[in-house]
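Engineer: Let's see this in three dimensions:
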Amino acid sequence: MDAPIAVILAAGKSTRMKSEVPKVLHPVCGRLMIDYVLDAARAAGVKRLVVVVGHKADLVRKSLAHHPDVTFAEQTEQKGTGHAVMMCEDALRGHNGSVLILAGDTPLLQGTSLKALLDAQSGEQAACVIGTAKTVNNDGLGRVVRDSAGAFQCIVEHKDATPEQRQITEINTGCYAFNTQLLLQSLQKLKPNNVQSEYYLTDCPKILMDAGHHVTASCSLTLEEALGVNTRVQLSEVQTSIQARIHAELMLSGVTIENVAQTTINFGARIGRDTTIRPFTVVDGNVAIGENCVIGPFIHVTGPRTIPDGTTVK
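Structural biologist: Numbers count the residues shown, from 1 in each chain. Model prediction:
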């Protein structure tokens, strides 16, 4: 059995972001949004990543060229999520194992959640496991319908849901773990039978079930990590969440941050024990700060830079 592979959907424009920059290339705490998704997949055990590019494909390729485990597939026309995965057929054809399907605009994804999704797929020998989350704030989201025994039945989009189905709090996150070869078989049967005339990946589980294969749903994710970034407002919310993680990791490692609301520390900064970061400090780029330092207030430290142990920067 081959190690898991991941397909990252990153072909979309930044229409609602009001930006010429591809959405997945917007920075979050000093690194690209999509880099967080790639890291989460790697943490789940993925060894090869296929990024589907489209809008400004050359720019996305160039921005990710330094990743040796990333290859690319191009979607020249935007014909839906199923069509995007179809563009990966050459990369997936010889793969004997599991494949994760992820969105490149979900930087809060966690490797542990994706590992749980892969474990469910391999443990149950499922053709597909749909990653789900629970939320009462389910307006506009696809509902996961189960039978009386708790077995997965189908995904119903909000606009098509009955009043009873709209009360369901388990929603589709858009993260999937498939048996690669069965995924390819289901993609061949996809039809654009919808108002948008697009090929929907969400139709693949039903195709597999109709063919007699086992399909299930696993509540392996939180709503926070599964929601994508579509607007600058959501980008700011994600930035706040990731910044809080960075602060927490540093403080748990022995760093004092006097006022987290007035401190910006970007991803990858290294700060030693018993160092104090005073308010209105920005640590930006490849920065290594030693132990027993005092940084700030009102300091902007940019990398590459190393600050030795015991230094006070006022």
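Engineer: C-terminal to the longest strand anywhere in the chain, what's the next element?
Structural biologist: Using DSSP state E, we find that the single longest strand of the chain is strand 170-179. Proceeding N to C from strand 170-179, the next assigned helix or strand is helix 180-188, under DSSP states H and E.
Engineer: Excluding chain neighbours, what is closest to residue 130?
Structural biologist: residue 217 (4.4 Å; Cβ to Cβ, 6 or more residues apart in numbering). Yep, even glycine has a C-beta here, placed from its N, CA and C like the rest.
Engineer: most centrally placed residue in the chain?
Structural biologist: Using Cα atoms, centre = their mean, the residue of the chain that lies closest to the mean C-alpha position is residue 106, 3.4 Å off.
Engineer: Touching the helix or strand hosting residue 84 from outside, list them.
Structural biologist: Using DSSP H and E, the element containing residue 84 is helix 81-86. Here helix 81-86 makes contact (Cβ atoms under 8 Å, 6 or more residues apart in numbering) with 7, 9, 11, 52, 54, 75, 77, 101, 174, 183, 187, 190, 198-204.
Engineer: What of stretch 269-289?
Structural biologist: Under the criterion Cβ under 8 Å, 6+ apart, residues 30, 246, 250, 253-259, 262-266, 268, 290-307, 309, 311 lie in contact with stretch 269-289.
Engineer: pLDDT value on residue 14, please?
Structural biologist: According to the per-residue confidence, residue 14 scores 81 in pLDDT.
Engineer: and the nearest residue to it once chain neighbours are set aside, how many residues sit next to it?
Structural biologist: Nearest non-adjacent residue to residue 14, counting by Cβ to Cβ, 6+ apart: residue 23, 4.5 Å away. Residue 23 has 24 neighbours, counted by other Cβ atoms under 10 Å.
Engineer: and the gap between residue 23 and residue 243?
Structural biologist: Using Cβ to Cβ, to the nearest Å, we find residue 23 at a distance of 20 Å from residue 243.
Engineer: quick one on the thing from earlier: among the contacts of stretch 269-289, which ones are in strands?
Structural biologist: 256-257, 263-265, 294-295, 299-302, 305-307.
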